[in-house]
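Novice: coords please:
(one chain, ligands or ions: 1)
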Amino acid sequence: MAQTTVQEIHPDLYLLRVADTRTAYFEALWEIPEGITYNAYLLKTPEGAVLFDGWKGTFQEEFLAALASVTPLEDIRHIVIHHMEPDHSGSLPALLEKLPPDVTLWGHPFTKKLLDALYGLGDVNFQAVKSGHSLTFGGHTLTFYHAPWLHWPETMVTHLAEGNILLTGDIFGGYGIPEGIFDDEVDTDAYLTAARKYTITVIGFYRDKIGKNLSTLQNKYNLQPAMILPAHGLLWRQAPERIVQAYLDWGAGKPKPGKVTVVYSSMYRYVEKAVGVAMDALQQAGYTPVVHRMVDDERAALADMLNDIADSQAVILGTETYESDVFPLTAFLLSEVIKKANFPKPLLVVGIFGWAAAAGRQLSTLLEKSAFEPVNILELKGLLTPEGEAKIRAAVQDMLQHMR
Ligand code: FEO
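Specialist: Here you go, the predicted structure:
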């Protein structure tokens, strides 16, 4: 049975959270050994209840049980859909079967099309909202704001006037299953690493929309919420401004001072030996790099590599020639970096070849699309020589000088 949490977090407002430890690869791609939560919310009023979002379909039975523990299902009069991705909407069809047909669904105009496309729910009682549209119900005022592309085009958020609370869907969400509910109950530094990983892997492709949407919410609509309630991970009430600033920094690719990430692939440890020299040079210069290995007894998680590359000041990439090309996992990693974490920073490539150098040429082509600033693409013959070692050390110094 999945671990579920039902808790009143503000008068008449309930969190409904499920801890998903079954999903090993979020979006069938991103490694999440830390798990993830799906957070729905329920507002009870004298006129009935308002539900905000739901859980992944895998947990639909648990979702109905959690809801029923707070309210008779027939009392749900409104359902607000912030985002249609099935990790939030998957439980909706099972719920709608239990509700009166006149329950009103609220969402971005595009949400109606997705209800039909994903679930065949084209004939539900749907109310499309414009940005700034308000619903007054049961003594509460709910105002909806569009936040397109965070994470899909139909994304929106809801502001509850009573309590100055913002429900944000994917926005400000994170991987992980926090021990507590709120930011004042856990080690937020550790959590923020998981939240950044979520943001880079899931939202990274739309990163330029982060600053734009947050600016609109803050400056056009004057939203400064006292509480931020995302649909994944931790809820923020002590320092909501902390997750807002972190989100802005991640969207802008702000590097962490002194952080250098080393990623390498090595079939027979020739690259590992060369990269070891680079790491020694880094350590002599006072840097402790974050290291990700793709070798024959260990493979770093793609999600972790992306996460660390995103906020590094510089990157060292060790790769070897494989079938006259870049090592396949390295090529895939780079293609994802270009899509999701393409921020300018110096890059040192340490390549090793056996027959003939080819990876460097292919890599140069790949890097043309990236924001990396390659300070050096070294291609050294298999066995490391004193001359090769000297070249690596000099290249590391060169890279450090280019860090800003
Ligand atoms: Fe949590 Fe984009 O869904």
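Novice: any idea how the chain splits into domains?
Specialist: The record's domain parsing of the chain by automatic domain parsing lists 4-252, 260-403.
Novice: per-stretch mean pLDDT over those domains, give me the minimum one.
Specialist: Among these, domain 260-403 carries the lowest mean pLDDT, at a mean of 92.
Novice: Just the terminal-to-terminal distance for it.
Specialist: Using C-alpha to C-alpha, to the nearest Å, the end-to-end distance of domain 260-403 comes to 10 Å.
Novice: So what touches the helix ranked longest in the chain?
Specialist: Secondary structure of the chain read by DSSP state H shows that its longest helix is helix 386-402. With contacts defined as C-beta atoms under 8 Å, 6 or more residues apart in numbering, helix 386-402 is touched by 274, 277-278, 281-282, 285, 287, 314, 316, 346-348, 350, 373, 375-376, 378, 380-381. C-beta: built from backbone N, CA, C; applies to glycine.
Novice: Please point out which parts of that helix sit buried.
Specialist: Applying a neighbour-count criterion of 16 or more other C-beta atoms under 10 Å, the buried positions in helix 386-402 are 388-389, 391-393, 395-396, 399-400, 402.
Novice: now the residues you listed in a markdown table, with distance to the ligand?
Specialist: Formatted as a markdown table, the buried residues of helix 386-402 follow (distance: C-beta to the nearest ligand atom, whole Å):
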| residue | distance to the ligand |
| --- | --- |
| 388 | 46 |
| 389 | 47 |
| 391 | 45 |
| 392 | 42 |
| 393 | 45 |
| 395 | 40 |
| 396 | 39 |
| 399 | 36 |
| 400 | 38 |
| 402 | 36 |
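Novice: Using TSV, lay out these together with distance to residue 99.
Specialist: Listed next are those as TSV, based on distance: C-beta to C-beta, whole Å:
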residue	distance to residue 99
388	69
389	70
391	69
392	65
393	68
395	64
396	62
399	59
400	61
402	59
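Novice: chain center to stretch 74-84: distance?
Specialist: 24 Å (C-alpha atoms, centre = their mean, to the nearest Å).
Novice: so how far is the first residue of it from its last?
Specialist: In stretch 74-84, first residue to last residue: 23 Å (C-alpha to C-alpha).
Novice: again, but for stretch 362-371
Specialist: Terminal-residue distance, stretch 362-371 (C-alpha to C-alpha): 16 Å.
Novice: Of the contacts of helix 386-402, select the buried ones using a PyMOL command.
Specialist: A single PyMOL command selects the buried members of those (16+ other C-beta under 10 Å):
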select buried, resi 274+277+278+281+282+287+314+316+346+347+348+350+375+376+378+380
